Every structure is written in C-alpha cells, then in structure tokens.
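J.: After the sequence you'll find the predicted model.
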Amino acid sequence: MLLKDEVDMLRRVPLFCQIAPAKLKLLAFASERMTCREGQNLFRQGDIGDAAYVILSGTADVLVQSEAGEIRVAEVEKNSIVGEIAILCDTARTATVRASSRLEVLKISKENFLELMSDFPDMAVEIMRVLANRLNHTTNELTEARSHQQRVPS
Amino acid sequence: MEKSLARYIWSNTYPQQVWILLVVAASMVPYFLAFDLPKRIVNGPIQGQGFEDPDATQHFMAIAFDLPWLGHIEFFEGFPLGRVGTLMALSSVFLALVVLNGLFKFYINTYKGRLGERMLRRIRFSLVDRVLRFPPMHFKRVKSAEIATMIKDEVEPLGGFTGDAFVQPALLGGQALTALGFIILQNFWLGMIAAAIVALQALIIPRMRRRLLELGRQRQITARQLSGRVSEIVDGIHTIRGHDASNLERADIADRLGTIFFIRYDLYQWKFMVKFINNFLAQVTPFLFYAIGGYLALQGRLDIGQLIAVISAYKDLPGPLKELIDWDQARQDVQVKYAQVVEQFDVETLVGPHIQTLVTTPVERLSDALVVSNLVLSDDSGAPLINRLSLEIAPDETVAIVGRSNSGAEALAEAFGRILWPTSGHISIGGRDILDLPESVTGRRISFVSSETYFFHATLRDNLLYGLKHAPLKTIEYGGKHQRKYKRNLLEAQRSGNPALDLNSDWIDYRSAGASGPDDLLKVIRPVLDAVMISQDIFDLALRSQVDVMAHHALTDRIIEIRQAMRRRLRADNLEDIVAPFEAHAYNLQATVGENLLFGTMRQGMTGQALAAHRYFRKVMGETGVSAELYQMGLAIAENAVELFRDLPPDHPFFQQLTFMSADDIPAYEALLQKLQGTPFEEASASDRTSIIRLSFSYVEPRHRFGLLTEALMTRIVEAREAFYANIPADLAERIERHDAEQFTASVSLMDNVLFGRLSFQEVDTTERLRQTIRDLFEELGLADHVLSIGLDFDVGSQGRRLNAVQRQKLNLARALLKRSDYFIFNRPLSALDQRAQDRIVTNIVKDLHEEGHRPAIVWVLPNAQMGELFGRILVFDNGNLVESGSFDELSGKNGMFNQLLS
C-alpha cells in the first residue's frame, strides 16, 4: 500500500478527519505500518507503553487479566485507536489487545502522538471524545454490575 | 624497601657495576693513546724527526721498558720501517684506535643501557608485587591511577640513571681531577684559583638545587594527583553528568593545571638561573687567569709559556665538571623520585610472600570445620560491626545468615572472604588462622562472592575461567626458534628478579572444575550457567556476535543444514513470511536498494563511500543504466521528503523516521531540486548526481511507501548486481562478502547468518519469537554447546561494562561455582536481581551443589528470611550480635527476631 492510499484511509478515521491531507501524509510516513496475525498480541497488559495504534483493518479483542482469568472487555475494529491510555498517562498497558482477525495497524510512537496533539487541538478534542465515550460505557457497565451485585445478596 | 636509591642499585647490581668500572678503566688506555698519536705522526714521519737520513729506519712496535733496578728490558725489537712505511703504519694504528675507541664506547653504552633496563624491570615488578600483597584496607586509601602513574612514569628515570650511578662520577671525577692536577703542576697559585672556583661551584650550586629538588617533588606529586583526578572523572562520569557537576570538575582541573603551571614555571626559572651562575663561574676562571696571570707575567713573576699551558689545560676542566654537576642533579632528582615512590609502597601490614607461593599440585579438600572464635570486627572509623562472636560451621553444612542491614551479617561474610581483617579474635580451619593459610588453600577451597563484581577486559570465557587459573600446569615444549626465544626470556627474567612463570602455558585447572581437559570443559560450564540463569543471555550474545570461522568451523560448516532447518521450522510455525530470504537472482523487498545492488556485506575497513567512489562500481552502474534510473528515483525521494518535511521545525520527532537525510539537509535538497529542475541525468554535475543517487540507496519500499520501485527497476537492479559480480576486480572481491546460501558469512552476526534474509518490518513482536525459534533449532541440531562457546568469545569491555549489572552478578557467581570449593561464602551476591529471580537461583544452587558427590558448606547472607527454609541452620544477626540460631522450623515457631524478619 502506498503512502497516498494510506492517507485516504486515515482520513476516514474520525480521529484524523479534521487534519489536512499534507499533515496526514507526514503522519503516515512517520508512523510504522505493521501487521499482526490472528491470535497474536498487539501488546500485553503490564508492558510499558511506547506507542498507540490505529487499526486500519481487522478486529481485535481487548482483554483484562483478573482473578477469574482473562476477561474480554471490548472489541475494537477498523478506524479505532487503541493503546492511547498508556502513553497519555505514562502507565503500563491497562489491557491486552489480541488480534481476532488479521490486523493492519499504524503504529504511532509516543513522541509523535504527543506532538500531534499539541499541533492539532481538534485531534485532542477528538481523543477526549473517544475517552469520554469509553468512560460513559464503563460507567454504565459498572452501574449494571453493582446493581446486579446488590440484587443477588438480597 | 630500601630507602636509599644508591644502596638499592649497588646491592642489586654491584658485580655489573664493578665490571663496567673495569671496562671503563681499560677503555682509557686506547683513549689516551689516540690523543698522543697525532703528535707522533706529525713530528715523526711528516716533519722528519728521526728520519734525517733518507735511508733511516725506525723500529715500529718495539716493546721495551726502562725499569728501575732491572734496567732496559726489550721484549720485542720491532719491525724496521722507512719514513713512508712508518707514516702508513702509524696512521693505520690511529685508525685501529679510532675503531677500538668506538667499540669500547658502544659496548659500555649498551651494557649500561641493559643494566638500566633490568633495574627498571626489577623495580617495576617489585612494586606490582607489593600491590598484589597490599592489605585490604590499604586499597580504600589509594587511587589506582596514581599507583599506575608511579609504576609506569615515576620510576622510569631510575632505569636511565642506574647505568651512570657509579661509572659517571668515577670517570668524570677522574678527568676533572687530572685536569686540575695538571694546572696545579703548571702553576701552583693559578691552580689554587681554579680549585677555589671549583669549590665555590661545588658549594653554591647544590644549595641552589635544593629549591629545584623541592619543586621537582611538588611537580611529581601534583602530576600524580592530576592523573588520579582524571581517572576519577572517567570512572565517575555518570555521577558528574547526572548532577550537572561537569563545571565543578572543569574548575578543579583548571585549578590543578594552574598549580602545576606555576610549579613548572618556577622550576624552569630556577633551572636557568642555576645554569647561568654555573656558566658564569666557569667563565670567571679564565678571566682571573688572564687578569691575574697576565699581571704576574707583565711583572715578570710568571713566564708566558706557563700561562699559556695553564689556560690550555683549563679547557679540559669545565666539561667534565659540568657533566659531574649534571650527574649530581640527576642523582638527587632520581633519589627524590625514588623516595617518593617507596614511601607510597612501604606498607607495614603487607601480606607475606609465603601466602602467595605458587602451588601447581592439587590442593587437598578441607575436611575441618570453619571456626570463628572471639571475633571482633570494626569498620574503618572503628565502629564495631561484630562483637565477640564464636561459632563453628561444619564442612557439609548449609547456613543462612539473615539480619537487617548493618546487622553485622555482611561483615562476617567479608571476614570469611578475607576482605575485612579482624580487629581481634580469629577465623580458623584445622587450627590455622585463614589469614595465615596460603592463598592456594583459601583461594581455591574457599569461595567468596559478594555483590561487587570485577571483570577484566577480556572475553567472557577468560573471565569465567579466571577462578581456575592458579598456576601454569603444563610445561610447553618449544621448538627451534621459539625455544631459543623462550630460554632467553627466562634468563632475562631471572636477571631482573622476575619470576619464571610461562604465561603461554595452560593455566586452567580443569580437574578442580570437574573436567578432564579443554574438550569437556563446556560440559561442566553449561550446568553452572543454567543454575545462575544466564545461559539464555549468553546465547543471545552469540546470536548478535560475529563468529570466528576458524575457531568454530564445526558450526559454520553446517550452515546449509542450519538454514534449511530454519526454513522448515518457520514454515511449520506458519511464520515463513516474516523473513524475506536473499536470493541470487531476485530483488529483496525488505532490503534497501543499496543492499540489493551490493547483495553482500562489506568487510571491516570497507565503506559505502569507498565503494561508490570505486571506478569499477561506477562503470557498471553507468553501463547498465542503473545510475540514470536511481537518479530519477533519488529526485522523487527528495521531492517527497522536501514536501513532507519542509515546514517542520528541525527538532520535530517525525524526523526520526526520515532515515536517508537529516533535518539540516532539507533546505540544501530544496535548493538542489530547484537547480536540477528539468536537468537530465547526463547534464547534472558529478557531485549533484552523487547527492541525489545517495538518497535512493537507503530506500525500502514497504517502509517508505512512496511507490517508486517498479518491477522493471527491480529487474534492472538485479541485472546490475550480476554485472557487478561478473568481472569484479580482486581488490573489491576481497573486501565484499557476497551473500551465498551455501557459505557462512563471517562479517555478519550469527543471527543474520541463520536467517539469511531480511526481517519484515511490518510484523509486530518478531525478534523475540525468532530468537526462541533459533534457540530451539540449535538445541535440536545438537549445536547448542557451540553457540554457547561463541557467546563465551564475547568481549566484556572495560571492567565488564558491556554486560549489565544483572549479568555481571550472575557471572560472578558462576565463576566461583566452577571452582567446586569446600566452603562457599555468598554475601548477597545477587542484589541487582529482583526477588523472584534471586529465589530461583538460590534454590538452584543449594540443590545442585548438594546433589553432586561432594557436599560443600554453603554460607549465604540472604536478602529475605523466607529463603532460609532451604538451609540446615539459620543464624540471625542484630546489631553485631548473633541473636538466634537454629533450623527454620525451630526459629519460625519461636516469637523472636527471625519471625519479625519473616513477616
């Protein structure tokens, strides 16, 4: 795939749709295109996070290690971004992302990602929106789980 | 050590000094004969004295003496020769004397030089010998660089002085006295004047030199301290930079250099001042001769002939005198230096030489208990570390020592390791204090390992086997030339008081490691490396390093088989596409354009620039038309790069991905593109072409994705590659190693050799998986030991710094385990490792060591009490006292200190 095709793909990612094509081309050039086979980990929970990944094609499971074993907490698909929490908060990976079908991803290193955010406030807002959505989703699930828990003992 | 240099030199070299004095005395005879001869030639045959009659003859070489009482004795009547014959004969004698004098001089100088070199060798050796025997606490006070400077630089002038120490004053003193005596004979009073001035010189100059000597001493000390400081800067560089203290160091160095400058300048001034006065006094004497002697002559009290004789005799006095004074200065200078050095090496509690005697026979096992009685240990400041401790450790016991930090546990271990000497009380085995036992016992049968590691700048193998190298165990039979050289070395070593140990012998004590020789050594090393969990690291080192094909041909000869097995494995794991293999007639997409053109690796000393400049390479590139195509490609790359990066600030992180140019190159390429717009390849200048084509060489399509590599271009590049190798000139062929599926490539790593291709950029997390695959592969092919051996060739760097702290501590432990001692003392040897890894290694070692036939005692200062479970007895220390002792079950049942440590 060529750089210019990649730019077309990136423009379809909601996160990047506000960014001018010239800048997207730069981003595509500065980032690594990688593939990940089905069943292989894109990254593992507890690892040190050095990059975020934009999924260009394929799907992946988000898995969290718990006392009861691995729990699948979400599925991510084309055009979504994963791994941004670890580089925003400088923490270890909070979950494992494993390809459930062959993945094509764009690996954006930590420095590049942070640089992009400061260059394009629109993108920062978009990231905030993604994170807020996730928080909303998590809160709903937590509420559900709590109410379920309260119902059981009574 | 001997305090006086003169005595030191005399006591070590007096037979040689006497011999050289005799030779010098003998050399005086032809020397003076040569002086006398010209007069005889001129007066005799040339001016005709004794040849008044044309047919007159003279007896040449007549040997006859007029002796008192015995009268005239004639030994040889001589050859009768005519005037010309005598001239020729006398001239020939003159020539012979010149040669003889030259030979004497040559012999004397070489002899003195050799004497000096031997002396230097002796003193340097004895200084290092003393360093090897310094007591442990002394090393806390000295700087290594200062010791090195003393041994290397400060004693150096001693060698040069040794040869002259006694000969020079005898010779020059004799000459000066003769000259003075001659003057006195000519005229007593003028002689007295000369003698008075000489006495004045002898009185004043040494006085003035006292200041010079003091300055010389200061210069020596400040220079030594400077080298100590420089080495501190090198060793502490991370501390300096980490605290932004580099300017403090600059100030310190500048200050020291200032001090040294003023000392040296002062020295310089004084030196020339002394020289001036010396010269002045020397010149005053003739002035007095002219003035006073002339006055006396005018008055008629002195005859003019005498005056001229005195003045001409005086010519011979200042020379030897000046040299004598110089010699004296050198003597004092060297004496000061020597005294300085000796003072530093004169340590009272030096370890006795008998402790370190060479033992080539196997040392018997220690079957007695290690007994500690009334032991008191204290630190440098005198604070107590262990109070009156008595205990006994049986030879097959496993003992854990636990305690908080500063509990005294570590101090006790150090005392076992002879690093800390007891303040009172002692540690003994079989009734003998371990400090009195020879190191051949304590260094072999007792092993001490602490968290501090030291590695020598050598290979990993050398460092690992260091603990087995106690003595040269084989006598090497040298043949022919080598034998003569060896014998000469040996003799020379003895003459300088150096030991006759053969460094080339095999020093490795295979038997004590449980092996029978070099061939099965790996078999005993492997389990030890596994026990300390470093095998995998060494394996990875091997994969990353280049292989010495000569030493490891057993592996490199099987490279075809290895590569095929690797392919099969990758296919089986469905990983085939993560490696793009090199194929002779195909383009490798994962490699750069340059790599595809070259299709090989450059050996050491060859660079891409040298290749690009090579006439043959340029010719092939031009003829195949690849140059023109790559020029177009380079232009496109430059356009893309300029378009992408033009507006970015130079420190932007995106530039990291731009591998073929730097941020600073962007404006230059922008200008170049404008200049070359519409210029075809043929019209561009050579340097412009080079800078454009250069860009294309590092292009990789899947990585840069500009879409510039067409099928046609790839074919062209492969054709150019083939054309390049078709008629490659010898000078290039020997510096480029072409990729060959059937040959081992010496100039790339083992990993690259096994893969024989390029890793795909696009796969996530490939290298770790590949390493595992390769490890399994070598195990399966039975080559794991060879790979380990390649890893052991790794150069650990200065102080082992090319290894990380964890690896160093593991190796340090492995080195001791290889010795198979009877007592193992481990003083928190793995402090750099995380808790889990430490636990596993402790378990491995305690179990492995006792599985084998002989059961050594293990004393382990543990970082956590839980591991005490593995040991037979636990000693709990607190505040320098042994507070609890017993088995794990006993102690954990009690509500004591150990229980506190457990929780």
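T.: Received, thanks.

J.: Please work out how many residues are found near the closest residue to chain A within the stretch 151-300 of chain B.
T.: Among the residues of the stretch 151-300 of chain B, B:Gly242 lies closest to chain A, at 21.3 Å counting by CB to the nearest CB. Placement of C-beta: from N, CA and C, glycine included. Look at B:Gly242: counted by other CB atoms under 10 Å in any protein chain shown, it has 9 neighbours.

J.: check contacts around it.
T.: Neighbouring residues of B:Gly242 by CB atoms under 8 Å, 6 or more residues apart in numbering or on different chains: there are none.

J.: okay, and for the chain, where does confidence drop off?
T.: Just so you know, I chose chain A. A:1, A:152-154 (pLDDT under 70).

J.: meant chain B, my bad for not saying
T.: B:35, B:61-67, B:70, B:761-765, B:852-853.

J.: need the contact list for the residue nearest in space to the middle of it.
T.: With the centre of chain B defined as its mean C-alpha position, the nearest residue by CA atoms, centre = their mean is B:His457, 9.0 Å away. By CB under 8 Å, 6+ apart, B:His457 lies in contact with B:Asp795, B:Val796, B:Gly797, B:Ser798, B:Gln799.

J.: which residues pair with the first one across the strands?
T.: So that's B:Asp795. Partner residues in beta bridges with B:Asp795, using DSSP bridges, are B:Thr459.

J.: Tell me the buried residues in stretch B:694-710?
T.: For stretch B:694-710, the neighbour count (16 or more other CB atoms under 10 Å in any protein chain shown) marks B:694-701, B:703-706, B:708-709 as buried.

J.: For chain A, state which of those is nearest.
T.: Of these, the one sitting nearest to chain A (CB to the nearest CB) turns out to be B:Arg705, at 4.4 Å.

J.: from memory that closest one sits against A:Lys25, does it?
T.: No: here B:Arg705 does not reach A:Lys25: they are 10.0 Å apart, not a contact under CB atoms under 8 Å.

J.: that older thread, could you measure from the residue nearest to the centre of chain B over to B:Gly797?
T.: B:His457 sits at a distance of 7 Å from B:Gly797 (criterion: CB to CB, to the nearest Å).

J.: Around chain B, pick out the residues from chain A.
T.: A:1-4, A:6, A:22, A:25-36, A:40-42, A:105, A:109, A:111-112, A:115 (CB under 8 Å from any CB of the partner chain).

J.: Pull out the buried members of these.
T.: Buried among the residues of chain A next to chain B by 16+ other CB under 10 Å: A:3, A:6, A:25-36, A:40-42, A:105, A:109, A:111-112, A:115.

J.: and the end-to-end length of stretch B:745-759?
T.: 17 Å (CA to CA, to the nearest Å).

J.: cool, and stretch B:299-318?
T.: For stretch B:299-318, the end-to-end distance is 29 Å (CA to CA).

J.: Stretch B:428-439 now?
T.: Separation of the first and last residues of stretch B:428-439 by CA to CA is 14 Å.

J.: can you give me how far it is from the chain middle?
T.: Offset of stretch B:428-439 from its chain centre (CA atoms, centre = their mean, to the nearest Å): 34 Å.

J.: ok, residues contacting it?
T.: With contact meaning CB under 8 Å, 6+ apart, stretch B:428-439 is reached by B:354-357, B:359, B:366, B:368-371, B:373, B:416, B:418, B:421, B:426-427, B:442, B:446.

J.: Please, a ChimeraX command that selects the buried ones among those residues?
T.: Applying 16+ other CB under 10 Å to the contacts of stretch B:428-439, the buried members can be selected in ChimeraX as follows:
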select /B:355,366,369,370,371,416,418,426,427,442,446
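
J.: element containing B:Ser428, please.
T.: Using DSSP states H and E, B:Ser428 sits within strand B:424-429.

J.: residue nearest the centroid of chain A?
T.: By CA atoms, centre = their mean, the most central residue of chain A is A:Val82, 1.0 Å off.
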